[in-house]
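Asks: need a structure here:
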Amino acid sequence: RLDGECLRVLRGHTEWVYSVAFDSMGDILCSAGFDGTLRLWNVSTGESIRVIRRPGVSFHSVAFTPGTGSYIAAASSEKVVRMYRVSDGEIARTLAGHTNSVTCVAFQPPQGTLLATTSVDCTIRVWRAADGSCVRVLGERSRAKVWCCAFDCSGLLLASGGSDNVVRVWRISDGSVLSALTGHKGAVRSLAFHPHVAGVLASGEGNLTWGSDNSVRLWFIGEDSRPLI
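Replies: Modelled structure (predicted):
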């Protein structure tokens, strides 16, 4: 509600809840926790639909496939990305290649043909969602841990952010860096493209103990990429 009233409290996780995502219809919510569980909730009733358990694992990020919402992709401390069937909670495929914890997952709009993942191993990987094959590895020469990524509304661009305080915008077709956006004073932790206006990107930063101004920056991605404010 627009008045800020809490509609429902969903309980079940026993440690930090690190990521939440709705399916495309808004009927199901998935929550990902450091307690080694992914929990599916009925949004209308608040009832638990299913609990997916991976003991000893910390889940960091979760995303539904666009459109059908048939699968959930989950990033975790396992160093792999797993795709789970929403219908029964079983593993549909495992995407292996990262060498350290996976920090973020993002499906390419509008159909989820590709899946992008980021990792503490300093790389971004782009996978074909249908078969789990890796089609591109970005940032192989980087020494910066990558915390987040997001596709633009066209699905042609991918933004990434990490421990070097830089937002990079990649062209998916060839893996080239279109822009390297500087100005943040701390690690870039969160990214979001405007859902309808091409080229508008928001980025958020933060370090636990040092050096950050905890700012959110808005950017216009174009030939003269620059902050909007």
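Asks: Tell me where this structure has helices.
Replies: Using DSSP state H, no helices are found in the chain.
Asks: Can you name the residues that contact the residue lying closest to residue 152 once chain neighbours are set aside?
Replies: Spatial nearest neighbour of residue 152, excluding adjacent residues (Cβ to Cβ, 6 or more residues apart in numbering): residue 193 at 4.3 Å. C-beta here means a position set from N, CA and C on the backbone, and glycine is covered the same way. Taking Cβ atoms under 8 Å, 6 or more residues apart in numbering as the criterion, residue 193 is in contact with 150, 151, 152, 153, 157, 159, 200, 201, 202.
Asks: Show me the beta-bridge partners of the last one.
Replies: Same thing as residue 202. Beta-bridge partners for residue 202, by DSSP bridges, are residue 192, residue 218.
Asks: That one against residue 218, yeah?
Replies: Yes - using Cβ atoms under 8 Å, residue 202 is in contact with residue 218, at 5.4 Å.
Asks: who has more neighbours, those two?
Replies: residue 202 (17 against 12; other Cβ atoms under 10 Å).
Asks: which residues touch that one?
Replies: 191, 192, 193, 194, 216, 217, 218, 219.
Asks: neighbours around the last one, how many?
Replies: Burial measure for residue 219: 23 neighbouring residues, criterion other Cβ under 10 Å.
Asks: Not counting sequence-adjacent ones, nearest residue to it?
Replies: Among residues not flanking residue 219 along the chain, residue 201 sits closest, at 4.6 Å (Cβ to Cβ, 6+ apart).
Asks: separation between that neighbour and residue 93?
Replies: Using Cβ to Cβ, to the nearest Å, residue 201 is found at 30 Å from residue 93.
Asks: Looking at those two, which is more packed in?
Replies: Shown here are residue 201 and residue 93; by other Cβ under 10 Å, residue 201 has more neighbours (24 against 18).
Asks: can you tell me which residues contact the more buried one?
Replies: 150, 152, 159, 167, 169, 181, 191-194, 218-221.
Asks: ok, now with 10 Å
Replies: Counting by Cβ atoms under 10 Å, 6 or more residues apart in numbering, residue 201 touches 150, 152, 157, 159, 161, 167, 169, 179, 181, 191-194, 217-221, 225, 228.
Asks: Repeat that for residue 103.
Replies: So residue 103 contacts 18, 60-61, 75-77, 117-121, 145-149, 162, 189 (Cβ under 10 Å, 6+ apart).
Asks: Mark which of the residues you listed are part of strands, please.
Replies: Applying DSSP state E to those, the entries found in strands are 18, 60-61, 75-76, 117-119, 146-149, 162, 189.
Asks: Those residues, buried ones only, as a PyMOL selection?
Replies: Here is the PyMOL command that selects only those of the ones in strands among the contacts of residue 103 that count as buried (16 or more other Cβ atoms under 10 Å):
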select buried, resi 18+60+61+75+76+117+118+119+146+147+148+149+162+189
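Asks: pLDDT weak spots in the chain?
Replies: The chain contains residues with pLDDT under 70 at 1-2, 208-211, 223-229.
Asks: if I read this right, residue 11 contacts residue 46, doesn't it?
Replies: Yes - contact criterion Cβ atoms under 10 Å: residue 11 and residue 46 qualify, at 9.3 Å.
Asks: out of the two, which sits in the busier spot?
Replies: For residue 11 and residue 46, the more surrounded residue by other Cβ under 10 Å is residue 46, and the numbers stand at 13 against 8.
Asks: That one: what's it in contact with?
Replies: Per Cβ under 10 Å, 6+ apart, neighbours of residue 46: 7, 8, 9, 10, 11, 29.
Asks: Just flag the most distant two among these.
Replies: Spatial extent of those (Cβ to Cβ) is set by the pair 7 and 11 at 14.2 Å.
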